[in-house]
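Participant: predicted model follows, preceded by the sequence.
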Amino acid sequence: MSFPPDDADSDKKGAFCFRKKPIPEVAGAYEVQFVYNADKSTKIYSRLILLEVKPSVPVTISVLNSPGVATASNARKPLSRLLIRSVTLALNDVFGNIAGENLSGMVEVKVVSETGAIELPQLEGNKHSIEVPLNNGQATLQNILLAENTQGKSGEYCLCCSLLGNASWSTTIPPINIPFFFCNDVKKQAYFTFLSKERDQLNTSIEAYHSLFKTTKQLTTALKLAVAEATQQEQKLRIEYRKTCGQNQTLSLESVDRLVLQCEQKQEEIRRKPRRQCSLQPAPKEANIIGKIAHLAQVADDDIARCLSWHMSGDMDCVVTRTTATALELHKATHGKQQLLALDFICKKTMPDWSRSLPHVKFSSRSVPPGNPIFARDLLIFTEHVEECKTVFGMLLGDTIFLDTLKDATEYRQQLVKHTYCPTLLTRDGDRIRSNGKFGGQSNKAWPLEKLKGNVFSAPLSLDYQKACRQLDTIQKLRSAMTNLEQTKHELQEHLDHENSSEMQSKVMECKEAEQSLQKINVKLGMVLPAEGSNSSVPFDGASSRRASPRNKRASLPAEQPVRTSTRYHNSVAFSEFEYPQQPKRNRRN
């Protein structure tokens, strides 16, 4: 599970707060890690933080090892009177975790009847109830037997297990009932045992059928939702395609493939067109080497590229590294012939603010000086390592400003020095006015491109190339969405065909027959449904392994919404996933 940080508006810059995030519902040991996505290719991971989720306060009691529905009699043999060989009860919190590690007390076990029978079977020793110790939230019931020749009529009873020793338990934790069959006739016990085993087998089969039907229905719903989402995504990308490419024709996968090929050919044609390129040898490709300064930036305008490359001619061949150690290794490898610049050598406090306005704005914000002044750094195009390049060129160029002509530059400096310091000025004509005011001569005039001999900033690919890239990206996304939609529709149709196949229909009939057989067995066993709202924990729906009743007629897999009955615990296998709409109950004859 993962969570995004809270809104950053209320937090400090660079700090991310996570407040009121939910913890896992299952108790246990977990590890928490924070991941910062610096960009698409770089992620920063925090150290692992250990987290232990402990159970909450107990609210229910459950059986850990289900013993099945026992059948006992009042015969002399102890094995015939055995109700429970060994069963462990445990306290659970609201999420089903085993809770109450430090809680102790007593569990009272007594025989109850859900039909309101007055004459109840007695436990061994002719006791109405027994007490079992509860330690650390768990109690073990062992060798629970009925009394020899005990009273009681044949039928279904329950062992009611309730907590004692703490007043809060009796009000907050309801008891749990473990059902069993009592036969006042030893001969009937074997027959009841046989019916009980057969019923458990039918329960297992019906549970498997209903689990299959439920999974099939859930998969159908998920596939229909996937088709709807894929359709919506495809329509969205079709609209984006019309905006990006300016075409309204109906597209198929074949036509989209042709458009992809056309865009790729157009990109290749543009790349092959001659453009300004830097001819310096690239820097070694290593993790801590960013590259040569001449390769870190691109300049669109030829005049600006010529003047700026000449202005920085002494730095163009310099290799920028991330660490001083890497720079020293290169210095040793090149015998000191290679210029080097390490990022950890640069003082970040003296770096210019890239969002700062031109210096004349502070003193004459209303007037617009001639010559279109602009910071030289704003004319650079960075294709990668943006933050590192800003640091390097911010240090090398400072607040150098570009203007159109030498006349514009001299007028700009004349007005600026009346109020503040004037940085170096460059012009598109190739002139330079140093920050100390000196200009003119060969040392302040840019060389022609031919004389720079490839030691120049390269030109970016044209706007047509960028447009072709955007179109290609949109078309490829559209093709992926169309393929996904077609595949999802195909999967849905295959699933629907399987759902309506003769194999699935035969499984529905088999499930119906198993339910009918189970109802007949329940009639023989004399099982009836409890009243609504009963606190008995013998279940009647499949979510908690619930049993059916012969008094509750069931339709065979109806299409309407099933109705859940009261939640009850059952030690046998589940009867069904849902209770279907009930028919009116008939009075049971004693």
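Facilitator: Perfect, thanks for sending it. In this text, all values refer to a predicted model and were calculated from it rather than measured experimentally. Numbering: from 1, shown residues only.

Participant: ok, now how distant is Leu79 from Ser66?
Facilitator: Distance check for Leu79 against Ser66: by Cβ to Cβ, to the nearest Å, it reads 20 Å. All C-beta spots, glycine's among them, are computed from the backbone N, C-alpha and C.

Participant: comparing these two, which residue is more hemmed in?
Facilitator: A count of neighbours by other Cβ atoms under 10 Å puts Ser66 above the other of Leu79 and Ser66, at 15 against 9.

Participant: per-residue confidence for the residue of the chain most remote from its centre?
Facilitator: Within the chain, the residue lying farthest from the chain centre (Cα atoms, centre = their mean) is Gly441, at 65.6 Å. We note a pLDDT of 91 for Gly441 in this prediction.

Participant: and the closest residue to Thr400 other than its chain neighbours, how far from Ser506?
Facilitator: What sits nearest to Thr400 in space, not counting adjacent residues and going by Cβ to Cβ, 6 or more residues apart in numbering, is Ala376, at 4.2 Å. Ala376 is 80 Å from Ser506, where distance means Cβ to Cβ.

Participant: ditto for Leu50
Facilitator: As judged by Cβ to Cβ, Leu50 and Ser506 stand 53 Å apart.

Participant: before we move on, what about Arg434?
Facilitator: Taking Cβ to Cβ as the measure, Arg434 falls 93 Å from Ser506.

Participant: so for the two, which sits in the more crowded spot?
Facilitator: Higher neighbour count among Arg434 and Ser506: Arg434, with 13 against 10, using other Cβ under 10 Å.

Participant: need the contact list for the more buried one.
Facilitator: By Cβ atoms under 8 Å, 6 or more residues apart in numbering, the contact set of Arg434 is Thr424, Asn444.

Participant: let's see the pLDDT reported for it.
Facilitator: 93.

Participant: by mean pLDDT, flag the weakest helix or strand of this structure.
Facilitator: Least confident element among the helices and strands of the chain, by mean pLDDT, DSSP states H and E: helix 167-172 (a mean of 55).

Participant: given the helix or strand that it is followed by, what are its sheet partners and their directions?
Facilitator: Remark: after helix 167-172, the chain's next helix or strand is strand 176-183, criterion DSSP states H and E. When pairs are called by DSSP bridges, strand 176-183 turns out to pair with strand 70-73 (parallel), strand 155-164 (antiparallel).

Participant: just checking, Ser46 touches Val35?
Facilitator: Yes - with contact defined as Cβ atoms under 8 Å, Ser46 reaches Val35; the gap is 7.4 Å.

Participant: need phi/psi at Asn106.
Facilitator: Wrong residue type there; residue 106 is Met, not Asn. When read as degrees, to the nearest 10, the backbone of Met106 gives phi -130, psi 150.

Participant: and it, what does it touch?
Facilitator: For Met106, the contacting residues are Glu131, Val132, Pro133, Leu134, Leu163, Leu164, Gly165, by Cβ under 8 Å, 6+ apart.

Participant: which of those residues are buried?
Facilitator: The neighbour count (16 or more other Cβ atoms under 10 Å) marks Val132, Leu134, Leu163 as buried among these.

Participant: of those, closest to Arg242?
Facilitator: Of all those, Leu163 has the smallest distance to Arg242: 68.5 Å, by Cβ to Cβ.

Participant: the closest one and Glu510, how far apart?
Facilitator: From Leu163 across to Glu510, the span is 43 Å (Cβ to Cβ).

Participant: how about JSON lines for the contacts of Met106, with secondary structure, pLDDT and distance to Gln232 added?
Facilitator: Compiled in JSON lines, those are given as follows (DSSP: H, G, I helix; E, B strand; the rest coil; pLDDT from 0 to 100; distance: Cβ to Cβ, whole Å):
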{"residue": "Glu131", "secondary structure": "strand", "pLDDT": "92", "distance to Gln232": "62"}
{"residue": "Val132", "secondary structure": "strand", "pLDDT": "92", "distance to Gln232": "59"}
{"residue": "Pro133", "secondary structure": "strand", "pLDDT": "91", "distance to Gln232": "60"}
{"residue": "Leu134", "secondary structure": "strand", "pLDDT": "90", "distance to Gln232": "55"}
{"residue": "Leu163", "secondary structure": "strand", "pLDDT": "87", "distance to Gln232": "53"}
{"residue": "Leu164", "secondary structure": "strand", "pLDDT": "84", "distance to Gln232": "59"}
{"residue": "Gly165", "secondary structure": "coil", "pLDDT": "66", "distance to Gln232": "59"}
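
Participant: from those residues, which is closest to Leu296?
Facilitator: Looking across those and measuring by Cβ to Cβ, the closest to Leu296 is Leu134, at 72.4 Å.

Participant: which ones are touching the closest one?
Facilitator: By Cβ under 8 Å, 6+ apart, the contact set of Leu134 is Leu89, Leu103, Ser104, Gly105, Met106, Val107, Leu163, Gly165.

Participant: can you rerun that using 7 Å?
Facilitator: Residues near Leu134 by Cβ atoms under 7 Å, 6 or more residues apart in numbering: Ser104, Gly105, Met106, Val107, Leu163.
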